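Peer 1: need the 3D shape of this:
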Amino acid sequence: MSLAIVTGGSRGLGFETARALKAQGHNIVLVAKDPERLKLAAQQLQCDYRAVDLEDLEEAKETFQEILATFGSPQILVLAHGVMSEKMSKTLKTTTEEWRRVMAINLDSVFAAVNILGPSMAEARNGRIIIFSACLGRMSGPGNAGGLAPYRISKAGVNALVRNLAHETGHGTRGLLVDAVCPNHTRTDMGGPDAPLSVEEGADTAIWLATREFDSATDKTGLLWEEREVIDW
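Peer 2: Numbers count the residues shown, from 1 in each chain. Model (predicted):
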C-alpha cells in the first residue's frame, strides 16, 4: 500500500481527500494544527497524524523531516491547508502581521513540505504532489484583482511554485506529477454553509489527480485543474 500525507487533514477538503484515499487502501498521515480535532479525525480514519502550527516555518520543517524519517517517502502528497485573509486586507491597508500570517501558512509551509518530502519522491520516480490553490490566485479573469491581497497573492505564489516545480522535474516524464487544484466555492469552514459545492465535489479533482493513470506521452501535469479540466493560470 502506498503512503499518502495530507495536510489540512482534520477537516474540510483535506479530511475528505484523506477519507477517499484511505477507502482506496492507502496508508494515511494527517497533518493539521488543532491537536484535538486532528486526533478525532485520525481516529475516524484509523491513521497516523502529526499536529503542527504551519505558520511557524521551523516547526513545519521539523515536522515534515520527522514524518519522512518515521514513515518514509510518500507516494502521494496533498497540501490542502490554508487560511483566508481578513476582508479589508487590501495591499495598501493590510498589516505586516496579516501579510506574514497568510504567506507563512499558504505559501511558506507549502514550500517546506515540497522541499523536504519532494526530493525522495522525485528520486523514487513515483509520486504525486497535489496542492490546493484557488481561482482567486489566477492571473486571468477576476483572479488576483479585488482585495484580499495576501490570500490572492499567496495562491498566485502556489500556482507559480507548481508550474516551476513541474518544469524542473520534467513534466511527469521522470515519474513525479505536480499539480494545483482550484476546488471552487465549497461548503467548508472557509467557504461557508451557503457555498454551491459540497466537500465531496470540492475534493474530487484532487482525489482523481492523486490516483489517475498517467501516460507522459499523452497526459499532462504541472497545471491548474478545476472539475478535472485544465484552466488558465
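
Peer 1: how near is residue 25 to residue 197?
Peer 2: As judged by C-beta to C-beta, to the nearest Å, residue 25 and residue 197 stand 26 Å apart. Quick note: C-beta positions are derived from backbone N, CA and C, even for glycine.

Peer 1: which of the two has more neighbours?
Peer 2: Using other C-beta atoms under 10 Å, the more surrounded residue of residue 25 and residue 197 is residue 197, with 17 against 8.

Peer 1: give me the buried positions along the longest helix along the chain.
Peer 2: In the chain, taking DSSP state H as the definition, the longest helix is helix 149-168. Using 16 or more other C-beta atoms under 10 Å as the test for burial, helix 149-168 gives 149-159, 161-163, 165-166.

Peer 1: how near is residue 217 to residue 211?
Peer 2: According to C-beta to C-beta, residue 217 stands 20 Å off from residue 211.

Peer 1: who has more neighbours out of these two?
Peer 2: Neighbour totals were compared for residue 217 and residue 211, and residue 211 leads with 16 against 6 (other C-beta under 10 Å).

Peer 1: list the contacts for that one?
Peer 2: 21, 24, 76, 128 (C-beta atoms under 8 Å, 6 or more residues apart in numbering).

Peer 1: from what I can see the last one touches residue 177, true?
Peer 2: Looking back up the chat, that one is residue 128. Yes. With contact defined as C-beta atoms under 8 Å, residue 128 counts as touching residue 177 (4.9 Å).

Peer 1: give me the common contacts of these two.
Peer 2: Shared contacts of residue 128 and residue 177, counting by C-beta under 8 Å, 6+ apart, come down to residue 209.

Peer 1: which residue is the nearest non-sequential neighbour of the residue positioned nearest the centre of the chain?
Peer 2: With distances taken as C-alpha atoms, centre = their mean, residue 79 lies nearest the centre of the chain, 2.3 Å away. Nearest residue to residue 79, sequence neighbours excluded (C-beta to C-beta, 6 or more residues apart in numbering): residue 131, at 4.5 Å.

Peer 1: how about that neighbour, secondary structure?
Peer 2: What DSSP: H, G, I helix; E, B strand; the rest coil gives for residue 131 is strand.

Peer 1: ok, the one 10 residues further on next?
Peer 2: Three-state secondary structure (criterion: three-state DSSP) places residue 141 in coil.

Peer 1: fine by me, we can end here.
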